[in-house]
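Asker: sharing a model prediction with you, sequence too.
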Amino acid sequence: MFSKDLLSRRNFFVLAGATGAGLLAGCSKSVPPRAAATFTAIEALERQHGLTRRALAVMDKIRHGIDAQMDISPETAGGAVAIISDFMINCHQLMEEKFIFPVFAATKNTADLIAVLRQQHGAAFKLTDILKPLCAGLSQKDQENRRKTVNMIHLLTRMTLAHESWEDTALFPLLRVAVPGKSYEELSYEFEQAENQFLGQGGINRTLEKIAGFETILGMGNLGSFTPRPQDLS
Ligand SMILES: [Fe+2]
Ligand SMILES: [Fe+2]
């Protein structure tokens, strides 16, 4: 089964410099004043979820393409899964485990939810690890590879869309109450620092540009293309 603690089995040196240690509720007194974060923690999480959903939509488009026997290049499939690995797994989910989950893990009403969320992070890590070589080796000739790739993408997107929806509706709305006032400002600052350490300054925009590149390759680069045609609405 999957490890419950992603941090225990990942290289976490990047976050070592981002303290994270003093941001749980009630610990702001000893922290010296700092510049305010550009985005609050919830705003940053919202943007990260938006990026992961667009990356997952790219993966799903690849899945449909493989299913329809289209010629999806290994560069496209491999590049898309690299975004899932680099951004969703090794940035977004790690940041949740470092900064968000500890706030709720000891709370009676949310402990069970946190346990499931952690387990799903582990499953996403495993699925992405399986997908990397499958996507890099994608070819028209290897039907077994294609079948397995389709199945793994389905498992990853199905779980992660539900996972993020629960985080958005059952967990993140509780954050402002659990981490009030100055502590929330501290959390937002630490969260932003960690994101910059993971991705580099402006890295979130570079991630978006990468996703947009794959959206364009796959013919989904225009938001309007998702709108039903008039004939579909009759
Ligand atoms: Fe999560
Ligand atoms: Fe999340």
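Answerer: Looks like it arrived, so ask away. Numbering: from 1, shown residues only. Ligands and ions are numbered 1, 2, ... in the order given.

Asker: give the contact list for L117.
Answerer: E96, F101, H163, W166, E167, L171 (CB atoms under 8 Å, 6 or more residues apart in numbering). (Each C-beta comes from the backbone N, C-alpha and C, glycine too.)

Asker: any idea of the mean pLDDT in stretch 109-124?
Answerer: Across stretch 109-124, pLDDT averages out at 96.

Asker: which positions in that stretch come out as buried?
Answerer: T110, L113, I114, L117, R118, Q120, H121, G122, A123, A124 (16 or more other CB atoms under 10 Å).

Asker: same deal with stretch 64-82?
Answerer: Neighbour counts over stretch 64-82 (16+ other CB under 10 Å) mark G65, I66, I72, T76, A77, G78, G79, A80, V81, A82 as buried.

Asker: phi and psi next, for the fourth one.
Answerer: When read as degrees, to the nearest 10, the backbone of T76 gives phi -70, psi -50.

Asker: quick check: closest non-adjacent residue to it.
Answerer: Excluding the flanking residues, the one nearest T76 by CB to CB, 6 or more residues apart in numbering is I217, at 5.7 Å.

Asker: that neighbour contacts A77, correct?
Answerer: No. The criterion here is CB atoms under 8 Å, and I217 misses it with A77 at 10.7 Å.

Asker: need the next SSE after the longest helix along the chain, C-terminal direction.
Answerer: When the chain is parsed with DSSP state H, its longest helix is helix 108-136. Tracing the chain past helix 108-136, the next element assigned as helix or strand by DSSP states H and E is helix 143-166.

Asker: need the pLDDT of the closest residue to T110 other than its chain neighbours.
Answerer: Excluding the flanking residues, the one nearest T110 by CB to CB, 6+ apart is F104, at 4.0 Å. Looking at F104, its pLDDT stands at 92.

Asker: how far away is F104 from ligand 2?
Answerer: Using CB to the ion, to the nearest Å, we find F104 at a distance of 13 Å from ligand 2.

Asker: wouldn't that residue be in contact with L174 here?
Answerer: Yes. Shown here, F104 and L174 form a contact pair, counting by CB under 8 Å, at 7.0 Å.

Asker: identify the contacts common to the two.
Answerer: Residues within reach of F104 and of L174 at once, by CB under 8 Å, 6+ apart, are T110.
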